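[1] any chance you can model this:
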Amino acid sequence: MSLWLKYKFEFSNIAPIEQYIKKVAFKNRIENVLEIKDASYELWNKALFEEMNGELLIEDKNIEKIRDSIQEMINPDSLFQKTKGFLEIQGKKISFNSILYNSRKYREIYGDIQIDSTNFSFEDLFLNNSEFKNKILKLIKIDLPHIYLTSCIVGESPDAVNDIRERIFTYHPKSRYFIEDFFSTFKIWSNQIREEEIITDKTKIDYGYYFKQFNTEYLARKIEKDTAFNTYCTNMAKKVGAKVTGGSILLEADTTETFDKLFQMIKDDFNEIKNQWYSDKKLKTALKSWFSGQQELDI
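    Residues are numbered from 1 along each chain as shown. Sure thing, here's the model as predicted:
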C-alpha cells in the first residue's frame with residue numbers, strides 16, 4: 001500500500017537540470033510537512049537498485065549535497081531521488097520511503113512522487129488512524145508556483161495510479177483529472193475482459209477500443225464544465241459514502257471494495273449510451289444529455 005502524487009509542472013525558459021532541482025526542493029517540502037525524522041537522501045542514476053544496473057551517485061543527510069550533485073549532471077531524465085526515514089505516529093515508528101520519478105516512462109506508471117512504508121500498511125493506517133490520515137490530507141494543500149497537484153492517491157499497488165478500482169483514497173483539485181483517471185480505468189477493464197474472453201456478446205461495447213479513438217483530455221475538460229455531471233458525481237459519491245466539494249473531488253473509502261463498487265455502478269450506467277460512442281463530439285453530447293437525465297434520480 002502506497003501513496004502516489006501526480007503533478008502538472010509548468011516551467012518555462014528553465015533548463016532541465018534546474019527544473020529537476022525545483023522538483024527535488026518541492027518533494028523535500030512535502031517531507032517537511034509530513035515531519036519525516038532521521039532523513040537520508042539518495043540520488044540514483046538509471047535505476048533504483050544495483051541489481052537493475054542502477055548507480056548510487058550520492059547518499060547524504062544533507063539535501064543540499066544532493067542538489068549540488070544534480071548540478072553536475074547533464075541530463076536528469078535518468079535520475080531518481082530517494083529519501084529514507086521514519087514517521088512517528090502515536091508512539092509508533094513508521095518507516096518512510098519517498099521516490100521522485102523524472103522520466104515519462106516511470107511517471108506514467110508511478111506518478112511523480114511515490115511514498116510508502118516497509119513496516120506498516122498505508123491501508124490500515126489510512127482507514128484506522130486519524131493522525132496519519134490528517135498528515136496525508138495536508139499534502140493536498142501544498143503548492144508552489146508552476147507546480148500544480150492533479151492527483152493524490154492511496155492504493156494497494158502501482159496499478160492504483162491509473163486504475164481507480166485499486167484505490168482507497170483519491171483527491172483531485174479539478175474534476176477533469178478524476179474523469180481522465182476514470183476513462184483510463186475503462187481502458188484497463190476492457191483489456192482485462194478481452195483477455196479473459198468473457199465478452200462473447202457482440203452487442204456489448206468494447207470500451208477500450210472506443211476510448212482509443214477519443215481525446216480523453218478534451219472530453220474531461222468539456223464534461224467537467226457541465227453542472228449535470230457534477231450533480232451525478234455528487235450523487236454517486238454519496239452512494240458509496242464519499243464526497244465531492246467545490247469542483248474538486250475527494251473520495252475516501254470506508255472499505256477496500258468501495259472504489260470497485262463505484263466503478264461498477266458508473267460503468268453499468270455508461271452502458272446506456274454505448275450506441276453513441278462514435279466521435280469526441282458525439283460522445284460529449286451523449287454524455288451531457290445522459291448526465292442531465294440522471295439529475296432527478298433519487299439516489
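
[2] now do the helices in the stretch 151-299 of the chain.
    175-195, 207-212, 216-224, 227-239, 258-270, 280-294 (DSSP state H, counting those that start in this stretch).

[3] which of these has the lowest average pLDDT?
    Among those, helix 207-212 has the lowest mean pLDDT, at a mean of 54.

[4] now the chain, which segments are flagged as low pLDDT?
    1, 194-216, 241-246, 270-299 (pLDDT under 70).

[5] can I see the domain layout of the chain?
    9-151, 176-294 (automatic domain parsing).

[6] can you list those domains in a markdown table and add mean neighbour count and distance to residue 167?
    Just so you know, the C-beta spots here come from the backbone N, C-alpha and C atoms, and that holds for glycine as well. Output for those, formatted as a markdown table (neighbours: other C-beta atoms under 10 Å; distance: least, C-beta to C-beta, whole Å):
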| stretch | mean neighbour count | distance to residue 167 |
| --- | --- | --- |
| domain 9-151 | 16 | 10 |
| domain 176-294 | 16 | 5 |
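
[7] tell me which of the ones you listed approaches residue 170 most closely.
    domain 176-294 (5.1 Å; C-beta to C-beta).

[8] what sits against residue 220?
    176, 177, 179, 180, 183 (C-beta atoms under 8 Å, 6 or more residues apart in numbering).

[9] got those as a markdown table, with distance to residue 123 columns?
    As requested, those are arranged in a markdown table below (distance: C-beta to C-beta, whole Å):
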| residue | distance to residue 123 |
| --- | --- |
| 176 | 27 |
| 177 | 23 |
| 179 | 25 |
| 180 | 24 |
| 183 | 25 |
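
[10] looking at the residues you listed, which is nearest residue 192?
    Closest to residue 192, out of all of the contacts of residue 220 and judged by C-beta to C-beta, is residue 183, at 15.2 Å.

[11] hang on, the closest one packs against residue 223?
    No - between residue 183 and residue 223 there is no contact under C-beta atoms under 8 Å: 9.9 Å.

[12] and residue 85, that one's in a strand?
    Yes - per DSSP: H, G, I helix; E, B strand; the rest coil, residue 85 lies within a strand segment.

[13] bridged to it, which residues?
    On the basis of DSSP bridges, residue 85 is bridged to residue 96.

[14] measure it to residue 100 for me?
    Residue 85 sits 15 Å away from residue 100, going by C-beta to C-beta, to the nearest Å.

[15] look up which helix or strand residue 137 falls in, please.
    helix 130-139 (DSSP states H and E).

[16] and for residue 48?
    Using DSSP H and E, no helix or strand contains residue 48.

[17] thought it was touching residue 57?
    No - using C-beta under 8 Å, residue 48 makes no contact with residue 57, being 11.9 Å away.

[18] perfect, I'm done here.
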